[in-house]
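[1] Here you go, sequence then predicted model.
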Amino acid sequence: MDTISISELQLRSSSLPTDLWQRAQKEQPLVLSLSISTSVASEASLDSLQSDSLNYGTVTKCIEAYVAQLSTDDLALEVLADQLAKVILFDANAPNVRLDLARPRALLSAQSVAVEIYRTRADYPLTQDGTTRQLDPASLNPAGDKLCVRQLRKSIIIGVNPCERVDEQEVLVDLEFGTDEMAPGPYTGGVRQGWVAWRQTVKSVESHLAATQPLTIEAITTSIASLVLTPPAPSASPSPWSITSTSVRLSKPSALVFARYPSVQVVRSRRDFFLPSGQLRAALANPLSTSSIATSSSEGRSEAGSESTEATDVEGGGRGTHDVVLGVGTNMGERVANISSALKELEKLGLDGGKTKVTDTSFMYESDAMYVTDQAKFLNAVVKIETTLEPQELLDRLKAIETTLGREKTVRNGPRVIDLDILFYDDLVYSSDSSIPADRQLHIPHVSIAEREFVLRPLADLVPSFLHPTLQRTPSALLATLLTTTPSSLHRVLPLSPSLVHPIGSSTLLMTILNATPDSFSDGGDNLSLASALASAASHVVAGSSILDVGGMSTRPNADPVSESIEISRVVPLITSLRSTSPSTPISIDTFRPAVARAAIEAGATIINDVLGGDHPSMLETMAELDVPVIIMHSRGGEPFLGGEMKPYATGVVTGVRDELRHKVERALQAGVRRWNIILDPGVGFAKTGEQNVELLRDLPKALGREGEGEEAFLGGFPSLVGLSRKRFLGTLIAREGGAKERDWATAVAVAKSIEGGADIVRVHEPTMGADVVKVSDALYRGRK
């Protein structure tokens, strides 16, 4: 696409409102800049302008001719801009135009007042009689119109240095105002009703600048944004000033000796400062997002404005949804299943006249009971949801979910099947009306956040940079303060089944392999009959296996694939029988096929072990729906029996595996897989040479994201599994060409190295050897006995 532009075309007209001297019907200057997206291919090929060509000369003549014939009095700038857009589109035959129309002499104290608009020919359909074109009220482009005040000059007291508190200095303010609340398009006389009082608004800004005497640019820009976004009084209908978004930029020309000037710009909406009822929020805008960044200076903000705001009508209107963080806890029954059920019930709220969706979760933690200490340990997590429900209604729905899942009233802070608390609702500071019953009283933010490690740690996982609206500190900062006086009382856990969790770091878990296949590279044919497979499983458990990994199709390179139905027929009867004979033993299903995973989980498996890491179509959605722990393995190149792609790792195998694995995890999270359910596997032996496998084991902490910062450390909180048992590269290292079972000594050494590198789970064929290696390695490398 090509662009035709005209910069600062000088025009003049006496049809505008009064000038800076408040004189009517005086010629005033106008400055017009525009750009048109089009194609100049025809003119370029001919090196000539045709009679019907769209070119800057034609556009300029049309504009000048139109302005010269204007006879209307008191023509609003936005109306003239809209009229010029029609001239350019239909007289000059442009397909579209982006237009900036400025009045450089509109104010004594500012460089100019301007309007910025974008229009296309489709915005102006013909009227029913076919004689004229009018702006379509349903067009979306006018919603992007802006009214601008440029380089507003004011001398004020601003700054933190002693001299700045005595002498005034000039500041420059640039303001942009969005559209008013009414539908975009022409109103009475074509004027945007919500922009009518722009002069009075500028005067208010000037008065605010003079009276505030701020210390920082950050504070004054934000307070100006709040001022101009103040909702009109209910009686003012229509209001002469009502905008819902603004940009405020303030520059200090005297602040830096060797620079023109520093500036701070803020972009805010009315919702950042005001409730839908029009009441002022008690906290400044503070987006509830994992991407928000809290600077070091933010930690020391004043706590002014931390008093609760009485409000009962925060509605799911305006922009639609609200970001809410909930605390989730349980210490009765099948605790993992309780939390899973609660989240599924949360998602059902979206089916009942509103929208509620779980968008992210923390890791999961286990903690001793607080307050009433004579009770079982709690599982705790926090979850982020989007909802259209207002706070009090959301609380009522959460209480209903608790009742549905079996929570009964006991002593305060006593045992519970499920506990759902609203921790944050956007950046709202809120207290229920005193007339609401005691069991429905609600305070946002939750009043006990700062004293609860079991809330702060998962908050640090989920929204690490979010500023508490009243305490004005991040979860990480609040946690650090708490731990200076209170010893830690919880640990991160990995769910293994609906009722079983494993404290991460307490010991290495041993996963043993049970293949119901005739052609697996190591134990193919050993467990073809159900009786032999059950006998093997029993011996694995006795030897010390923590997890039984059941497979129904070989994933070795160049293996012959089998159909889904055959794979299911091999694993489901075995899993069903294992669940009867070993009811508490976690069982994983080794498959990359969604249908097989679903059948296995329904038969009693509790973990999905996917060598493709969710790459098979619909696998991630299946994982999210089944809501069980999943092993996301690094691999490449489609189905594993094809051998994987051996293309080079551009940044080296260690960083390559880390970055590609991070991408797989991000996709899983976006698909709805819970953060606490994800286990990493670096994929030793898949799409890697023997040398690369060795290099990966040497730098395992780096590959698992446990070294570095930022994106390099993204994976660092996830538990990991390493599966390298009897693999070919081990046979190559020991120069032994015999069968896979001759590689057990080499496997033992490599497993020990994996544990030293931080593996939380190791996967082996030989359970007795594996159990011994785990015990010795834990004692040597992690101080466990």
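    Done, it's in.

[2] tell me the contacts of the nearest residue to Ala376 once chain neighbours are set aside?
    By the measure of C-beta to C-beta, 6 or more residues apart in numbering, the closest residue to Ala376 outside its immediate chain neighbours is Asn331, 4.6 Å from it. The C-beta positions use only the backbone N, C-alpha and C, and glycine is treated the same way. The contact partners of Asn331, taken as C-beta atoms under 8 Å, 6 or more residues apart in numbering, are Ala369, Gln375, Ala376, Lys377, Phe378, Leu379, Pro415, Arg416.

[3] Tell me where the stretch 1-150 of the chain has helices.
    Under the criterion DSSP state H, counting those that start in this stretch, helices of the stretch 1-150 of the chain are mapped to 41-46, 56-68, 77-86.

[4] what's the most buried one of those helices?
    For the helices of the stretch 1-150 of the chain, average neighbour numbers computed from mean count of other C-beta atoms under 10 Å are highest in helix 77-86, which has a mean of 22.

[5] Who are the packing partners of that helix?
    Identification of packing neighbours for helix 77-86 by 3 or more C-beta pairs under 8 Å, 6 or more residues apart in numbering; DSSP states H and E yields helix 56-68, strand 96-103, strand 112-120.

[6] Quick one: residues in contact with that helix.
    Contacting residues not belonging to helix 77-86 are listed as 13, 15-16, 30, 32, 63, 66-67, 70, 97, 99, 101, 103, 113-115, 117, 119, 124, 133, 135, 145, 147, 186, 189-192, 195 [C-beta under 8 Å, 6+ apart].

[7] Point to the helix or strand of this protein where mean pLDDT is at its lowest.
    Considering only helices and strands, the least confidently modelled element of the chain by mean pLDDT, DSSP states H and E is strand 430-431, at a mean of 78.

[8] Can you name every helix or strand that that one contacts?
    The criterion is 3+ C-beta pairs under 8 Å, 6+ apart, and the helices and strands that strand 430-431 contacts are strand 443-444.

[9] and the helices and strands packed on helix 77-86 as CSV, adding distance to Ser48 and mean pLDDT?
    CSV is the format used below for the helices and strands packed on helix 77-86 (distance: least, C-beta to C-beta, whole Å; pLDDT from 0 to 100):
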stretch, distance to Ser48, mean pLDDT
helix 56-68, 13, 94
strand 96-103, 24, 96
strand 112-120, 27, 95
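
[10] Let me have these in JSON lines, extended by distance to Leu471.
    Converted to JSON lines, the helices and strands packed on helix 77-86 look like this (distance: least, C-beta to C-beta, whole Å):
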{"stretch": "helix 56-68", "distance to Leu471": "56"}
{"stretch": "strand 96-103", "distance to Leu471": "44"}
{"stretch": "strand 112-120", "distance to Leu471": "40"}
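
[11] Show me the one of these that comes nearest Leu509.
    Leu509 lies closest, by C-beta to C-beta, to one member of these: strand 112-120, at 58.8 Å.

[12] what angle sits between that closest one and helix 77-86?
    On the basis of axes from the mean of the first three to the mean of the last three C-alpha atoms, to 10 degrees, strand 112-120 is oriented at 40 degrees to helix 77-86.

[13] Other residues contacting strand 112-120?
    Residues from elsewhere that reach strand 112-120, judged by C-beta under 8 Å, 6+ apart: 31, 77-78, 81-82, 85-86, 89, 95-107, 141-142, 144-151, 198.

[14] who does it pair up with?
    Within its sheet, strand 112-120 is paired with strand 96-103 (antiparallel), strand 146-156 (antiparallel), according to DSSP bridges.

[15] Deepest in the core, which of those strands is it.
    The highest mean neighbour count among the strands paired with strand 112-120 belongs to strand 96-103 (a mean of 21), with neighbours defined as mean count of other C-beta under 10 Å.

[16] Report the backbone C-alpha coordinates of that strand in CSV.
    Extracted C-alpha coordinates of strand 96-103, given in CSV (Å, rounded to 0.1, in the frame of the first residue of the first chain):
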residue,chain,number,x,y,z
ASN,A,96,-9.7,7.0,2.7
VAL,A,97,-8.1,9.8,4.6
ARG,A,98,-6.4,10.3,8.0
LEU,A,99,-6.8,14.0,8.8
ASP,A,100,-5.3,16.4,11.4
LEU,A,101,-6.9,19.8,11.4
ALA,A,102,-5.4,22.4,13.8
ARG,A,103,-6.3,25.9,14.9
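
[17] Now do that strand: distance to the chain's middle.
    Using C-alpha atoms, centre = their mean, to the nearest Å, we find the averaged C-alpha position of strand 96-103 to lie 35 Å away from the chain's own average C-alpha position.
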